[in-house]
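Visitor: turn this into a structure:
(4 chains)
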2 protein chains.
Amino acid sequence: MIGVISRVESAAATRRALLDAAADLLDGGGPDAVTLREVGARAGVSRGAPYRHFPDKDSLLTTVAAEALDRLAEQVRAVRADPRQPPADRLRHALSALMTIGRRRPHLYRLMFTTPAGDPAAIQAATRAADRAMDEFLAVVGDLIGAGQARQFAALLLTSAHGITDLEVSGHLSADKWDITAEELVSTLVSMIDQRARSA
Amino acid sequence: MIGVISRVESAAATRRALLDAAADLLDGGGPDAVTLREVGARAGVSRGAPYRHFPDKDSLLTTVAAEALDRLAEQVRAVRADPRQPPADRLRHALSALMTIGRRRPHLYRLMFTTPAGDPAAIQAATRAADRAMDEFLAVVGDLIGAGQARQFAALLLTSAHGITDLEVSGHLSADKWDITAEELVSTLVSMIDQRARSA
DNA sequence: CTTGTTCAGGTGACAATGTCATCTGAAAAT
DNA sequence: ATTTTCAGATGACATTGTCACCTGAACAAG
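Guide: Below you'll find the model as predicted:
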């Protein structure tokens, strides 16, 4: 029956609208710009309504982060499954997905890699999503250099890519000072690892 | 004359007390725990007094970050000037100074590498301090591999060390998942760079 | 020494915001 | 048909950043 929605469907739609509104406000002006009142207004409900779906503001934001980490994990999985690219390029693309989030949605990126706050359920969801994303990265690295030494090199690559992205996001990686782009840094690193793994 | 303080001396002392109080509160519970009222109380003044020294809360926090970046720059300078250590160890120690801040004062570390906010003067002070710290790192790398290629490798090292520290601070670098410590990561990276620079 | 000025600091006030207690109405279960 | 459940609305409150205004003492100019 088109147009007929049950109570749980309506609640789910509201929850979705709340998350989308929170993400929009976050993109617009950072965490301080995410106001529960404004989130409610944009979702078409009142100021107290968000509390029917999230215990508090931290939990709402942590859930936004968890969803973003889930999408990242999915992106990396898709990149890994693409047979048209050689393993080294797949790794570059996977890391590029991370950096693209940082460039396009800096506040969201920051949130994704902050210590999750809020109620235990939200924290656990975010932690699990982060673990899944990292596992996908680990698999991509494993495809390149073998599962044996993958852990160590994956840790190196992930932390490096994150550092590059985070410093660029915060403006501390000005191109005129270092005359090197984030892509060049990652590419250099991937090459170094590829070479070292081969010679080891 | 002991005990006799002028007006400007008193004002300077208050400003210092405000910055110290803000840093303490930051360490205790993050940026949200830094309340201008509590900052004033701990500094022995009232709620509105901070506005005689800082235009707004953001400027106060940005000044705290600027001072921390200044101390970091000084630490790296000291490490570089120590003739007892070989260049590679000096580099390891310099990067270790960064990671130690992250471990001991995670909230301060986060603040140091966030986009500075507040009035232009505070932002400029923080930016200059960050530049100075990075220049010191650059010099340490230059001592190891020569000023020629130092820029590229310094960028690689700094971003990596920051990523390692930041992920560890935020809890996303759990040891049981990666079975590798931050020190091992940095050490591996320094060795790789050292080797690559030598062979280039 | 007197007088006017500067300025750190104090206080009242206000708006924004997170959060809770309470109420309501309709959907779902009985 | 009656009861229960629950998303949502609303009033209220404490906290907090910020501003306007006031005060008193240190300092300078005469």
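Visitor: which ones are touching A:G30?
Guide: Neighbouring residues of A:G30 by Cβ atoms under 8 Å, 6 or more residues apart in numbering or on different chains: A:H107. Where you see a C-beta, it was placed from the backbone N, CA and C, and this is true even at glycine.
Visitor: ignore the last one, A:D143
Guide: A:R80, A:P87, A:R90, A:L91.
Visitor: which among the residues you listed gets closest to A:F54?
Guide: A:R80 (32.6 Å; Cβ to Cβ).
Visitor: wait, that closest one sits on A:A94?
Guide: Yes: here A:R80 reaches A:A94: they are 7.0 Å apart, a contact under Cβ atoms under 8 Å.
Visitor: so which of these two has more stuff around it?
Guide: Between A:R80 and A:A94, counted using other Cβ atoms under 10 Å in any protein chain shown, A:A94 has the larger neighbour count: 25 against 21.
Visitor: any idea of the mean pLDDT in the helix or strand harbouring the more buried one?
Guide: Using DSSP states H and E, the element containing A:A94 is helix A:87-104. The average of the pLDDT scores along helix A:87-104 is 96.
Visitor: packing partners of it?
Guide: Counting contacts by 3 or more Cβ pairs under 8 Å, 6 or more residues apart in numbering or on different chains; DSSP states H and E, helix A:87-104 is packed against helix A:57-81, helix A:106-112, helix A:120-145, helix A:147-169, helix A:182-199.
Visitor: so the residue nearest the centre of chain A versus DNA strand D, what's the distance?
Guide: By Cα atoms, centre = their mean, chain A has its centre lying nearest to A:L69, at 3.8 Å. Separation of A:L69 from DNA strand D (Cβ to the nearest atom of the strand, to the nearest Å): 25 Å.
Visitor: burial check on the residue nearest to that residue when sequence neighbours are not counted, number of neighbours?
Guide: Distances taken as Cβ to Cβ, 6 or more residues apart in numbering or on different chains place A:A129 nearest to A:L69, at 3.7 Å, with adjacent residues excluded. A:A129 has 22 neighbours, counted by other Cβ under 10 Å.
Visitor: how about the residues of chain A by DNA strand D?
Guide: Within reach of DNA strand D by Cβ under 7 Å from any atom of the strand, chain A has these residues: A:R7, A:S10, A:A11, A:T14, A:G40, A:V45, A:S46, A:R47, A:G48, A:A49, A:R52, A:H53.
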